[in-house]
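S.K.: predicted model and sequence follow; I will ask about them next.
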Amino acid sequence: MSKIFIDTNILVYALDKHNPQKQKTARKKLHSLTNDTIFGVISTQVLQEFYVTATKKLSVEPLTAKNIMHSFENFEVISIDPPLIKEAIDCSILNQITFWDALIIVSAESAKCDTLWSEDLTDRQIIRGVQIQNIFKGENN
């Protein structure tokens, strides 16, 4: 079984009607996680960021966003705790990336994910044993 960590932007694009190509790609990739060989992982950070982005940038009604988040219960959810935050600080400093991106990476690492789906980091880069994959790379946006 392969585990893939899903960054917030993938979940947000699955809702974003303003970018139909990214919406289609995100939905297709998320749908691929419904089989027995690939398992999706998110963190409490992703849940929080999704809610804020969906309600503030996409103008989704708060209760609608909350209801959408129920479907995320199918994913493994990593809880952010003080030791993980300290690891993220170290990762941020060592890799010269933002703290928030580092927190995503160390969350993926703690869940033993092979891959991180995100458009925020360099495609194919490996940080702490997790390979970043930009699922939108090559699309005309």
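M.R.: Nice, I can see it.
S.K.: please make it C-alpha for all contacts and neighbour counts, starting now.
M.R.: Fine.
S.K.: where's the closest residue to Ile80 other than its chain neighbours relative to Ser79, distance?
M.R.: Excluding the flanking residues, the one nearest Ile80 by C-alpha to C-alpha, 6 or more residues apart in numbering is Thr44, at 6.2 Å. For Thr44, the distance to Ser79 (C-alpha to C-alpha, to the nearest Å) stands at 5 Å.
S.K.: low-confidence ranges, this protein, go.
M.R.: 35, 139-141 (pLDDT under 70).
S.K.: the strands in it, which residues?
M.R.: 2-6, 38-43, 76-78, 115-117, 126-127, 130-133 (DSSP state E).
S.K.: show me how far the fourth one is from its chain's centre.
M.R.: Meaning strand 115-117. 8 Å (C-alpha atoms, centre = their mean, to the nearest Å).
S.K.: with the shortest one instead?
M.R.: Per C-alpha atoms, centre = their mean, the displacement of strand 126-127 from the mean C-alpha position of its chain is 15 Å.
S.K.: who does it pair up with?
M.R.: strand 130-133 (antiparallel) (DSSP bridges).
S.K.: just the buried positions in the partner strand, please.
M.R.: Val130, Gln131, Ile132, Gln133 (16 or more other C-alpha atoms under 10 Å).
S.K.: between those residues, which sits nearest His18?
M.R.: Using C-alpha to C-alpha, Gln133 is the member of those that lies nearest His18, at 22.6 Å.
S.K.: close enough to count as contact, the closest one and Ile127?
M.R.: No. Using C-alpha atoms under 8 Å, Gln133 is not in contact with Ile127; the gap is 11.6 Å.
S.K.: many thanks, I have nothing further to ask.
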